[in-house]
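Colleague: next input, structure requested:
(one chain, ligands or ions: 1)
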Amino acid sequence: MRAEDIKTVVVIGAGAMGRQIAMNSALNGPGYQVILCDSFPAALEQSRTWVSEYLAGRVIKGRITQEISDQVAARLTITSDVDGAAAQADVIIEAIIEDLAVKRELFQRISRLCRPDTVLGTNSSNLVSSKLADVTLYPERLMNIHYFNPALVMKLVEIVRGPHTGEEALETARTFAVSTGKSPIIINKEIAGFVANRINAAVTREACLLLEKGIASVEDIDTACEKGLGYPMGPFRLMDMTGIDVNYYVRRDRYAESGDENDKPSPLVVEKFKKGEFGRKTGKGWYNYEVQEKED
Ligand SMILES: NC(=O)c1ccc[n+]([C@@H]2O[C@H](COP(=O)([O-])OP(=O)(O)OC[C@H]3O[C@@H](n4cnc5c(N)ncnc54)[C@H](O)[C@@H]3O)[C@@H](O)[C@H]2O)c1
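Modeller: As a prediction, the model looks like this:
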């Protein structure tokens, strides 16, 4: 499959990531037909509502015209028919739950339903495509195509080459990402965390170490990153947004896999986790959001 021949993009999994990847492909691409599918009716219903509210919001804000909104809505189909969608796909991006057994079942099935040259990408943050390659028919078209949350806003897409990935499919995925307004990078070897999340993990680890040693406060470490290094958000503020629980689980699992002490969750993160202080979603993390809301 060459990038210029792509007409139909299929996104499987209509959750937080999938619906935004589908919308980005329909809105910012050169006119792709996009099919967003999910096996759960509730997820499909929520996606339908989200799509119409998102497009209406863009029109109200003057970012797109009503005509563009109508065209995008007409190009973006939402369906429970995963197999039927796969059969029509030029590119498939899988964004279902992070469960290896479920992903393996899906790739085994869809790789037999789509054309042999359909590009297959998994959006997984933690599972490299090698873990899917043995069940996938024609694994040379398989790779990680990793978007960042929120996928409509964040420009980076990490395309991770597995030992099985062919050059042509990789180049098609790269060109496809560019055609939808993204800035893809190629990661030449499968590695846990890929590139951006590894760098972020290193920064977060150092920030936690500085805090543990009493070198500087949460606020001052965030200020150093924001005002001195130009980060849009310091590591503690970012952790509060993405969830301290998520940081805990990722580090715990990575440590279990690597045995490397550097991968262990920080004791301060463990403490927050045990107290149920996960960040914004619980009203308290490194910062206290309930207090801030009252002050507002
Ligand atoms: N959330 C993030 O910040 C983020 C960022 C980058 C990558 N990812 C990756 O994206 C993937 C999805 O994450 P998410 O946060 O969007 O999850 P989510 O839970 O919001 O959505 C997953 C969707 O998959 C659907 N689903 C489950 N099994 C299915 C199946 N067999 N067939 C079809 N649909 C199925 C569910 O109904 C749900 O709507 C994961 O692999 C995750 O690692 C997530």
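Colleague: would you enumerate the residues in contact with the residue in the stretch 1-150 of the chain that the ligand sits nearest to?
Modeller: Residue nearest to the ligand within the stretch 1-150 of the chain (CB to the nearest ligand atom): Gly15, separated by 1.8 Å. Quick note: C-beta positions are derived from backbone N, CA and C, even for glycine. By CB atoms under 8 Å, 6 or more residues apart in numbering, the contact list for Gly15 reads 38, 43, 95-97.
Colleague: test for you: state the pLDDT assigned to it.
Modeller: You'll see Gly15 listed with a pLDDT of 94.
Colleague: equivalent analysis for Glu105, please.
Modeller: If you check Glu105, the pLDDT there is 98.
Colleague: what helix or strand is it on?
Modeller: Per DSSP states H and E, Glu105 falls inside helix 100-113.
Colleague: distance between that helix and the chain's centre?
Modeller: Offset of helix 100-113 from its chain centre (CA atoms, centre = their mean, to the nearest Å): 19 Å.
Colleague: residues near Lys131, how many?
Modeller: By other CB atoms under 10 Å, 17 other residues sit near Lys131.
Colleague: surely it and Ala101 touch.
Modeller: No: counting by CB atoms under 8 Å, Lys131 stays clear of Ala101, with 10.4 Å between them.
Colleague: before we move on, the earlier item: from the contacts of Gly15, which would you call buried?
Modeller: 38, 43, 95-96 (16 or more other CB atoms under 10 Å).
Colleague: what about the closest residue to Ile191 other than its chain neighbours, distance to Tyr255?
Modeller: Counting by CB to CB, 6 or more residues apart in numbering, Arg198 is the residue found nearest to Ile191 once chain neighbours are left out, at 7.3 Å. Relative to Tyr255, Arg198 is positioned 14 Å away (CB to CB, to the nearest Å).
Colleague: how about Ala56?
Modeller: Taking CB to CB as the measure, Ala56 falls 45 Å from Tyr255.
Colleague: same deal with Met239?
Modeller: Between Met239 and Tyr255 the distance is 17 Å, computed by CB to CB.
Colleague: buried ones in the host helix or strand of Arg58, by neighbour count?
Modeller: Element membership of Arg58 [criterion: DSSP H and E] is helix 41-60. By neighbour count on 16+ other CB under 10 Å, the buried set for helix 41-60 is 43-44, 47, 50-51, 54-55, 58-59.
Colleague: quick check: mean pLDDT of the helix or strand just after that helix?
Modeller: The helix or strand immediately downstream of helix 41-60 is helix 66-75, counting by DSSP H and E. Mean pLDDT, computed over helix 66-75, is 98.
Colleague: OK, contacts around Tyr138?
Modeller: Applying CB under 8 Å, 6+ apart, the residues near Tyr138 are 111, 116-117.
Colleague: out of those, which is nearest to Ala224?
Modeller: Relative to Ala224, the closest of those is Ser111; by CB to CB it sits at 47.5 Å.
Colleague: relative to Ala173, how far out is Met241?
Modeller: 28 Å.
Colleague: kindly report the same for Ser179.
Modeller: For Ser179, the distance to Ala173 - CB to CB - is 11 Å.
Colleague: ok, those two, which is more surrounded?
Modeller: Comparing Ser179 with Ala173 by neighbour count (other CB under 10 Å), the higher total belongs to Ala173, at 28 against 16.
Colleague: hang on, the more buried one packs against Ile185?
Modeller: No: shown here, Ala173 and Ile185 do not form a contact pair, counting by CB under 8 Å, at 11.5 Å.
Colleague: which residues do these two both contact?
Modeller: Ile159.
Colleague: quick one, helices of the stretch 101-250 of the chain?
Modeller: For the stretch 101-250 of the chain, the helices defined by DSSP state H, counting those that start in this stretch occupy 130-133, 167-179, 196-212, 218-223, 235-242, 244-258.
Colleague: out of these, which one sits most buried?
Modeller: Each of these was scored by mean neighbour count; the highest is helix 235-242, a mean of 22, by mean count of other CB atoms under 10 Å.
Colleague: how about residues contacting it?
Modeller: With contacts defined as CB under 8 Å, 6+ apart, helix 235-242 is touched by 149, 200, 203-204, 207, 211, 218, 221-222, 225, 233, 247, 269, 279-280, 285-287, 289.
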